[in-house]
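Trainee: Sequence below, structure please.
(3 chains)
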Amino acid sequence: MAKWLLKSEPDVFGYDHLVAAKREGWDGVRNYQARNFMREMKRGDRAIFYHSNAKPPGVAGIAKIVKGAEPDPTQFDPDSDYFDPKSDPDDPRWDWVTVAPDRPLTFLSLDELKAMPELAECRLLARGNRLSVLPLTDDEFDAIVAAADAKGGRS
DNA sequence: GCCAACGTTGGC
DNA sequence: GCCAACGTTGGC
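Mentor: Next up is the predicted model:
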(Lines give C-alpha, C1' and ligand atoms only; values in the text may rest on other atoms or scores of the structure.)
Protein backbone atom coordinates (compact mmCIF):
# COMPACT_ATOMS: atom_id res chain seq x y z
CA MET A 1 0.00 0.00 0.00
CA ALA A 2 1.55 3.24 -1.15
CA LYS A 3 1.44 6.53 0.73
CA TRP A 4 0.77 9.94 -0.76
CA LEU A 5 0.23 13.57 0.05
CA LEU A 6 -2.54 15.62 -1.53
CA LYS A 7 -2.62 19.39 -1.37
CA SER A 8 -5.79 21.39 -1.40
CA GLU A 9 -6.72 24.93 -0.52
CA PRO A 10 -9.12 24.77 2.43
CA ASP A 11 -11.02 27.82 1.20
CA VAL A 12 -11.82 25.84 -1.93
CA PHE A 13 -11.95 22.25 -0.74
CA GLY A 14 -10.68 21.42 2.73
CA TYR A 15 -10.69 18.21 4.73
CA ASP A 16 -14.07 19.11 6.20
CA HIS A 17 -15.48 19.31 2.70
CA LEU A 18 -14.23 15.80 2.00
CA VAL A 19 -15.85 14.55 5.20
CA ALA A 20 -19.14 16.16 4.19
CA ALA A 21 -18.92 14.86 0.63
CA LYS A 22 -17.96 11.33 1.80
CA ARG A 23 -16.14 10.79 -1.49
CA GLU A 24 -14.90 13.09 -4.18
CA GLY A 25 -13.13 13.03 -7.51
CA TRP A 26 -9.78 14.78 -7.13
CA ASP A 27 -10.29 17.08 -10.09
CA GLY A 28 -8.25 19.87 -11.57
CA VAL A 29 -4.77 18.36 -11.48
CA ARG A 30 -3.13 19.82 -14.58
CA ASN A 31 0.47 18.89 -14.07
CA TYR A 32 1.97 15.85 -15.72
CA GLN A 33 4.13 14.80 -12.81
CA ALA A 34 1.19 14.98 -10.43
CA ARG A 35 -1.01 13.14 -12.91
CA ASN A 36 1.56 10.37 -13.23
CA PHE A 37 1.61 9.92 -9.48
CA MET A 38 -2.17 9.64 -9.48
CA ARG A 39 -1.92 6.94 -12.12
CA GLU A 40 0.16 4.94 -9.66
CA MET A 41 -2.47 5.20 -6.95
CA LYS A 42 -4.50 2.17 -6.07
CA ARG A 43 -7.66 1.61 -4.10
CA GLY A 44 -6.74 1.35 -0.45
CA ASP A 45 -3.74 3.68 -0.59
CA ARG A 46 -3.63 6.35 2.07
CA ALA A 47 -2.86 10.04 1.60
CA ILE A 48 -2.07 12.89 3.95
CA PHE A 49 -4.51 15.73 3.26
CA TYR A 50 -2.52 18.96 3.29
CA HIS A 51 -4.00 22.45 3.41
CA SER A 52 -2.07 24.84 1.19
CA ASN A 53 -2.56 28.58 0.87
CA ALA A 54 -3.98 28.55 4.38
CA LYS A 55 -3.23 30.43 7.57
CA PRO A 56 -1.33 28.49 8.58
CA PRO A 57 -0.75 25.78 6.00
CA GLY A 58 -0.51 22.25 7.37
CA VAL A 59 -1.86 18.74 7.67
CA ALA A 60 -5.55 18.19 8.41
CA GLY A 61 -6.32 14.54 8.00
CA ILE A 62 -5.92 11.22 6.29
CA ALA A 63 -7.72 10.39 3.07
CA LYS A 64 -7.96 7.06 1.34
CA ILE A 65 -8.01 6.29 -2.33
CA VAL A 66 -11.25 4.50 -3.10
CA LYS A 67 -10.88 4.40 -6.88
CA GLY A 68 -7.82 4.54 -9.08
CA ALA A 69 -7.11 6.91 -11.93
CA GLU A 70 -9.65 7.53 -14.67
CA PRO A 71 -10.22 10.54 -16.95
CA ASP A 72 -11.08 13.76 -15.11
CA PRO A 73 -14.40 14.85 -16.66
CA THR A 74 -13.80 18.52 -15.93
CA GLN A 75 -11.22 18.64 -18.74
CA PHE A 76 -14.10 18.33 -21.23
CA ASP A 77 -16.45 20.79 -19.55
CA PRO A 78 -16.24 24.26 -21.14
CA ASP A 79 -17.89 25.74 -18.06
CA SER A 80 -15.26 24.31 -15.74
CA ASP A 81 -12.22 26.23 -14.56
CA TYR A 82 -10.31 23.08 -15.43
CA PHE A 83 -11.51 22.84 -19.03
CA ASP A 84 -8.69 21.88 -21.38
CA PRO A 85 -9.60 22.42 -25.02
CA LYS A 86 -6.48 20.56 -26.09
CA SER A 87 -7.50 17.33 -24.42
CA ASP A 88 -8.77 14.76 -26.91
CA PRO A 89 -11.79 12.77 -25.65
CA ASP A 90 -10.38 9.72 -27.39
CA ASP A 91 -7.10 10.13 -25.55
CA PRO A 92 -7.78 12.13 -22.38
CA ARG A 93 -4.87 14.07 -21.08
CA TRP A 94 -5.85 14.39 -17.42
CA ASP A 95 -6.92 11.89 -14.81
CA TRP A 96 -8.41 12.01 -11.37
CA VAL A 97 -8.67 9.54 -8.54
CA THR A 98 -11.58 9.22 -6.14
CA VAL A 99 -10.83 9.87 -2.49
CA ALA A 100 -12.73 9.49 0.76
CA PRO A 101 -11.99 10.59 4.31
CA ASP A 102 -10.18 8.09 6.52
CA ARG A 103 -9.79 10.05 9.73
CA PRO A 104 -9.00 13.64 10.71
CA LEU A 105 -5.67 14.45 12.30
CA THR A 106 -4.81 16.97 14.97
CA PHE A 107 -3.60 19.91 12.89
CA LEU A 108 0.14 20.03 12.26
CA SER A 109 1.38 23.27 10.79
CA LEU A 110 4.01 23.54 8.09
CA ASP A 111 6.38 24.91 10.73
CA GLU A 112 5.85 21.79 12.81
CA LEU A 113 6.44 19.59 9.78
CA LYS A 114 9.67 21.43 9.02
CA ALA A 115 10.87 20.72 12.54
CA MET A 116 10.51 16.95 12.10
CA PRO A 117 13.80 15.24 11.28
CA GLU A 118 11.88 12.38 9.67
CA LEU A 119 10.72 14.78 6.96
CA ALA A 120 14.11 16.23 6.10
CA GLU A 121 14.01 14.53 2.69
CA CYS A 122 10.29 14.96 2.07
CA ARG A 123 9.39 16.47 -1.26
CA LEU A 124 6.72 18.59 0.36
CA LEU A 125 9.40 20.60 2.14
CA ALA A 126 11.82 20.78 -0.76
CA ARG A 127 12.68 24.27 -1.84
CA GLY A 128 10.38 25.61 -4.51
CA ASN A 129 8.18 22.54 -4.47
CA ARG A 130 4.83 23.13 -6.14
CA LEU A 131 3.64 19.62 -6.78
CA SER A 132 0.10 19.13 -5.53
CA VAL A 133 0.29 15.33 -5.55
CA LEU A 134 3.40 13.63 -4.28
CA PRO A 135 4.54 10.31 -2.84
CA LEU A 136 5.53 9.81 0.78
CA THR A 137 7.63 6.99 2.16
CA ASP A 138 5.96 4.77 4.74
CA ASP A 139 8.26 6.28 7.36
CA GLU A 140 7.28 9.83 6.41
CA PHE A 141 3.60 8.99 6.48
CA ASP A 142 3.87 7.19 9.82
CA ALA A 143 5.90 10.03 11.33
CA ILE A 144 3.28 12.62 10.37
CA VAL A 145 0.44 10.54 11.77
CA ALA A 146 2.38 9.79 14.97
CA ALA A 147 3.27 13.44 15.48
CA ALA A 148 -0.33 14.53 14.98
CA ASP A 149 -1.61 11.86 17.35
CA ALA A 150 1.01 12.77 19.96
CA LYS A 151 0.01 16.43 19.71
CA GLY A 152 -3.61 15.47 20.08
CA GLY A 153 -2.92 13.33 23.12
CA ARG A 154 -3.75 10.18 21.24
CA SER A 155 -1.55 7.13 21.55
C1' DG B 1 15.90 22.16 -29.62
C1' DC B 2 16.73 26.59 -27.37
C1' DC B 3 15.18 30.08 -24.53
C1' DA B 4 12.59 34.32 -23.28
C1' DA B 5 8.12 35.49 -21.85
C1' DC B 6 4.43 34.43 -19.30
C1' DG B 7 1.33 32.20 -15.91
C1' DT B 8 0.73 29.68 -11.65
C1' DT B 9 1.80 28.03 -7.07
C1' DG B 10 2.19 28.84 -2.48
C1' DG B 11 4.70 30.75 1.53
C1' DC B 12 5.20 34.91 3.77
C1' DG C 1 0.35 42.03 -2.23
C1' DC C 2 4.97 40.38 -3.11
C1' DC C 3 8.08 37.37 -5.00
C1' DA C 4 10.87 33.07 -5.80
C1' DA C 5 10.46 28.85 -8.10
C1' DC C 6 9.22 26.43 -11.78
C1' DG C 7 6.18 24.62 -15.71
C1' DT C 8 4.43 25.78 -20.22
C1' DT C 9 4.19 28.18 -24.49
C1' DG C 10 5.63 29.83 -28.74
C1' DG C 11 8.95 32.16 -31.87
C1' DC C 12 12.94 31.16 -34.12
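Trainee: The helix or strand containing residue A:145 and DNA strand B, any residue contact?
Mentor: Here residue A:145 is covered by helix A:138-151, with elements defined by DSSP states H and E. No: Helix A:138-151 lies apart from DNA strand B when judged by C-beta under 7 Å from any atom of the strand; the minimum separation is 14.4 Å. Where C-beta positions appear, they are placed from N, C-alpha and C, glycine not excepted.
Trainee: Show me which positions of that helix end up buried.
Mentor: By neighbour count with 16 or more other C-beta atoms under 10 Å, helix A:138-151 contains the buried residues A:140-141, A:143-145, A:147-148.
Trainee: swap in stretch A:106-121?
Mentor: Buried residues in stretch A:106-121, defined by neighbour count with 16+ other C-beta under 10 Å: A:107-108, A:110, A:112-113, A:116, A:118-119.
Trainee: try stretch A:77-96
Mentor: When neighbours are counted by 16+ other C-beta under 10 Å, the buried residues of stretch A:77-96 are found to be A:82, A:84, A:87, A:94-96.
Trainee: Looking at the buried residues of stretch A:106-121, which is nearest DNA strand B?
Mentor: Looking at the buried residues of stretch A:106-121 and their distance to DNA strand B, the nearest is residue A:110, at 5.1 Å (C-beta to the nearest atom of the strand).
Trainee: isn't there a helix covering residue A:118?
Mentor: Yes: the assignment for residue A:118 is a helix, going by DSSP: H, G, I helix; E, B strand; the rest coil.
Trainee: any idea how far residue A:15 is from it?
Mentor: 22 Å (C-beta to C-beta, to the nearest Å).
Trainee: Give the residue spans of chain A that score low on pLDDT.
Mentor: Confidence mapping of chain A against pLDDT under 70 gives the ranges A:155.
Trainee: residue boundaries of the helices in it?
Mentor: With DSSP state H applied, chain A shows helices at A:10-13, A:15-21, A:32-40, A:110-114, A:138-151, listed in chain order.
Trainee: who wins for proximity to residue A:64 among those helices?
Mentor: Comparison of the helices of chain A against residue A:64 by C-beta to C-beta identifies helix A:15-21 as nearest, at 10.3 Å.
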